[in-house]
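Student: Sequence first, predicted model second:
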Amino acid sequence: MTTTHQTETGPALELRGAGIGFNGRTLWQDVNLRIQPGEFLAVLGPNGSGKSTLLKVLLGLYELDEGEAFLAGRPAEKARADVGYIPQRHTMDPNTPLRARDLVALGLDGHRYGFRFGKNKALQAKVDHLLEAVGATGYADMPVGVLSGGEQQRLRAAQAIADQPAVLLCDEPLHSLDLYHQEAVTALLNQQRAENGTAIVFVTHEINPVLDYVDRVLYFAQGQYRLGTPDEIMTSETLTELYGAPVEVLRHNGRVLVYASHAEGHFCCDDESVGALPGTSTGAIPTLEATGAERQGR
Ligand SMILES: Nc1ncnc2c1ncn2[C@@H]1O[C@H](COP(=O)(O)OP(=O)(O)OP(=O)(O)O)[C@@H](O)[C@H]1O
């Protein structure tokens, strides 16, 4: 059965006055956000700014310090069945006793079908379709533990959308994928939101591969956030204001290029973009990750 979340009323996801921090350091606060069914939200920000934490709040794994989080009209901790999740890449144990197709099948209401799944022809066909969509047909019957990181990541993407969730939470899902498979996975996610109304929350350091699909950007930095369309947020003016120090944003061949020249180098943008900046040598760019001093000071 096809689920279409676009026909449902109300936002797919909502944060009201939300805030969270750890060990006395506020990651973000007073976040107000309504994501509609079918909307694609990119979440950006430096290392440690709280992007993955946002996903964990939406998964009901972390409690907010203030405010509320709702998914499909329910408090986040009660909405697990409405959520698909592509976790940040981690390599699976080589001895994991699952084939690639079993991993994807678990996304199809695995708790209900369990390993009897193999007898259901309709579900098998669905798994085959998902495997094909992420280019995994060739290794469908291989044990997942022997697959490469990128191959495993494509299976996680297929698994996460298998049950057509109302909200899909993606934590750097393109990390370690080659360009061809980045495009295949982003096209699949886009199809999922267009055809089934799945709202997508996409944490990434690199907006360019999804720029064509992104409706709005949520950008965390310095304990603050900005929310708006890519044209509103990915500007020198907005990011300079957010970081409180000069950031230059350029558009080149349809790509967003972010250049942070502050001496402390505590900005974050994607290295690939900086490298692509015309007339700029990567050697001249300071480190773009949070400094050790910043992290210890939280
Ligand atoms: N359970 C926890 N207990 C204590 N600190 C935590 C916990 N979870 C996250 N943090 C801290 O909160 C900060 C934000 O972590 P988070 O993983 O959300 O960052 P991020 O923006 O996703 O970073 P990255 O780009 O590096 O993946 C980090 O400094 C992290 O150490």
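Tutor: Received it, and whenever you're ready, just let me know what you need. Since the structure is predicted, the reported quantities are computational estimates derived from the model, not experimental observations.
Student: CA atoms only for the lengthiest helix in the chain, dumped as CSV, please.
Tutor: For the chain, the helix that runs over the most residues, judged by DSSP state H, is helix 179-196. This file holds the C-alpha atoms of helix 179-196, laid out as CSV (Å, rounded to 0.1, in the frame of the first residue of the first chain):
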residue,chain,number,x,y,z
LEU,A,179,29.5,11.1,-7.2
TYR,A,180,27.3,8.7,-9.2
HIS,A,181,25.8,7.1,-6.1
GLN,A,182,25.4,10.5,-4.4
GLU,A,183,23.2,11.4,-7.3
ALA,A,184,21.3,8.1,-7.2
VAL,A,185,20.6,8.4,-3.5
THR,A,186,19.6,12.1,-3.6
ALA,A,187,17.3,11.4,-6.6
LEU,A,188,15.7,8.5,-4.6
LEU,A,189,15.2,10.7,-1.6
ASN,A,190,13.7,13.4,-3.8
GLN,A,191,11.4,10.9,-5.4
GLN,A,192,10.3,9.8,-1.9
ARG,A,193,9.3,13.2,-0.9
ALA,A,194,7.7,14.1,-4.2
GLU,A,195,5.6,10.9,-4.5
ASN,A,196,4.9,10.1,-0.9
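Student: Other residues contacting it?
Tutor: 2-6, 38-40, 133-135, 150, 154, 157-158, 161, 164, 168, 170, 173-174, 177, 198-200, 202, 209-210, 213 (CB atoms under 8 Å, 6 or more residues apart in numbering). C-beta here means a position set from N, CA and C on the backbone, and glycine is covered the same way.
Student: Any of the residues you listed buried? List them.
Tutor: When the contacts of helix 179-196 are checked for burial by 16 or more other CB atoms under 10 Å, the buried set is 5-6, 38-40, 133-135, 150, 154, 157-158, 161, 164, 168, 170, 173-174, 177, 198-200, 202, 209-210, 213.
Student: Of these, which belong to helices?
Tutor: Residues of the buried ones among the contacts of helix 179-196 located in helices (DSSP H): 133, 150, 154, 157-158, 161.
Student: Can you give me the buried ones in the longest helix of the chain?
Tutor: 181-182, 184-186, 188-189, 192-193, 196.
Student: just stretch 202-219 next, same as before
Tutor: For stretch 202-219, using 16+ other CB under 10 Å, the buried residues are 202-211, 213-219.
Student: Kindly identify which of these also come near the ligand.
Tutor: Near the ligand, judged by CB under 6 Å from any ligand atom, there are no entries from those.
Student: which secondary structure element contains the closest residue to E248 other than its chain neighbours?
Tutor: Nearest residue to E248, sequence neighbours excluded (CB to CB, 6 or more residues apart in numbering): Y259, at 4.4 Å. Per DSSP states H and E, Y259 falls inside strand 255-260.
Student: which neighbours does that strand have in its sheet, and in what orientation?
Tutor: Next to strand 255-260 in the sheet, as set by DSSP bridges, lie strand 247-252 (antiparallel).
Student: Contact residues of this protein facing the ligand?
Tutor: 22, 27, 45, 47-53.
Student: hmm, back to that, so how far is the strand holding Y259 from its chain's centroid?
Tutor: 20 Å (CA atoms, centre = their mean, to the nearest Å).
Student: Surely E63 is within a strand?
Tutor: No. Counting by DSSP: H, G, I helix; E, B strand; the rest coil, E63 is not found in a strand; it is coil.
Student: What is the burial count for it?
Tutor: By other CB atoms under 10 Å, the residues close to E63 number 11.
Student: Can you tell me how far it is from the ligand?
Tutor: To the ligand, E63 is 11 Å away according to CB to the nearest ligand atom, to the nearest Å.
Student: can you pull the contacts of that residue?
Tutor: The neighbours of E63, taking CB under 8 Å, 6+ apart as the test, are V57.
Student: begin at 823 from here
Tutor: Okay, residue one is now 823; in that scheme the one you just asked about reads as E885.
Student: Next, it: phi, psi?
Tutor: Per-residue torsions, E885: phi -90, psi 140 (degrees, to the nearest 10).
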